[in-house]
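> How does the following fold in three dimensions:
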Amino acid sequence: MDQRLHDLWRKGEYPFDQPMIYCRADATVASVLACMREIVKYLKPRFELKYINHDWHMHHGTVRESREISWEVYERMLMDEDTFRRAQDGDDRVCLAAYPENLGFLLRCYVSWTFSSKSGMTWDEYVLTATQGWFGLTINAKHEKEVLRLLEPVGITLGRVISKVWFDEFYGGNTQESGDGAE
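This next block holds a predicted model:
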């Protein structure tokens, strides 16, 4: 999460006052990837993707700068399961977050790593051990019903919550209002 998003989350302002659709339990990487592809098909004609961020909100709350990205580059990360795994940060509870300038959505995904298998493996081998993942899409309520309809065929259990509630519950950083998100 970058400083702009962090400040909006703390204040409970848009987009954090909107619903977040998420998979309720760790789903297979294949299922998460299928959902991500459907979500991108819906978002791409409606929003211009601008930023990507390795979001440490759940890990220890560190605020990090976002970098610019295009839909074309983002879609390449969703090409197949191995590419999707390699696009992730690789640290525990660090999500890949993407959003447009106007904050019309905040799309986050995460791949769970098998830490016990890391010993003796190369990084590429380790990355490929991920078997489960998660996604969350914060989006204006007017889009919610259509997104849920598109994700239904994937067959995973989805949840819905106001985004700020979720972000408050899963914040991994200092709970004091320091504003920087650091421990």
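
> Could you pull up phi and psi at Val161?
As for Val161, its main-chain torsions (degrees, to the nearest 10) stand at phi -150, psi 160.

> Give me the number of neighbouring residues for it.
When counting by other Cβ atoms under 10 Å, one arrives at 15 neighbours for Val161. Quick note: C-beta positions are derived from backbone N, CA and C, even for glycine.

> Please apply the same query to Leu107.
Counted with other Cβ under 10 Å, Leu107 comes out at 23.

> Surely Leu49 and Trp71 touch.
Yes: if you go by Cβ atoms under 8 Å, Leu49 and Trp71 touch, sitting 4.9 Å apart.

> Which of those two has more residues huddled nearby?
Counted by other Cβ under 10 Å, Leu49 and Trp71 do not tie: Leu49 has more neighbours, with 23 against 17.

> Can you show me the strands along this structure?
19-23, 27-28, 49-55, 67-68, 95-100, 105-112, 132-139, 158-162 (DSSP state E).

> Tell me which residues are up against the fourth one.
If I follow you right, that is strand 67-68. Lys50, Tyr51, Ile52, Asn53 (Cβ atoms under 8 Å, 6 or more residues apart in numbering).

> And it, how far out from the chain middle?
Chain-centre distance of strand 67-68: 15 Å, with Cα atoms, centre = their mean, to the nearest Å.

> List the neighbouring strands of that strand plus their orientation.
strand 49-55 (antiparallel) (DSSP bridges).

> now the strand it pairs with against strand 105-112, angle please.
40 degrees (axes from the mean of the first three to the mean of the last three Cα atoms, to 10 degrees).

> what's the spacing between Ala141 and Trp9?
Distance, Ala141 to Trp9, by Cβ to Cβ, to the nearest Å: 18 Å.

> What of Cys23?
Counting by Cβ to Cβ - Cys23 and Trp9 are separated by 21 Å.

> Just give the number of residues close to the closest residue to Met36 other than its chain neighbours.
In this structure, Met36 finds its nearest non-sequential neighbour in Leu78, 5.5 Å apart by Cβ to Cβ, 6 or more residues apart in numbering. Here the number of neighbours of Leu78 (other Cβ under 10 Å) works out to 17.

> Between Ala141 and Trp9, which is the more surrounded one?
Higher neighbour count among Ala141 and Trp9: Trp9, with 21 against 10, using other Cβ under 10 Å.

> Lys164 is in contact with that one, correct?
Yes: Trp9 lies in contact with Lys164 (Cβ under 8 Å); the separation is 6.5 Å.
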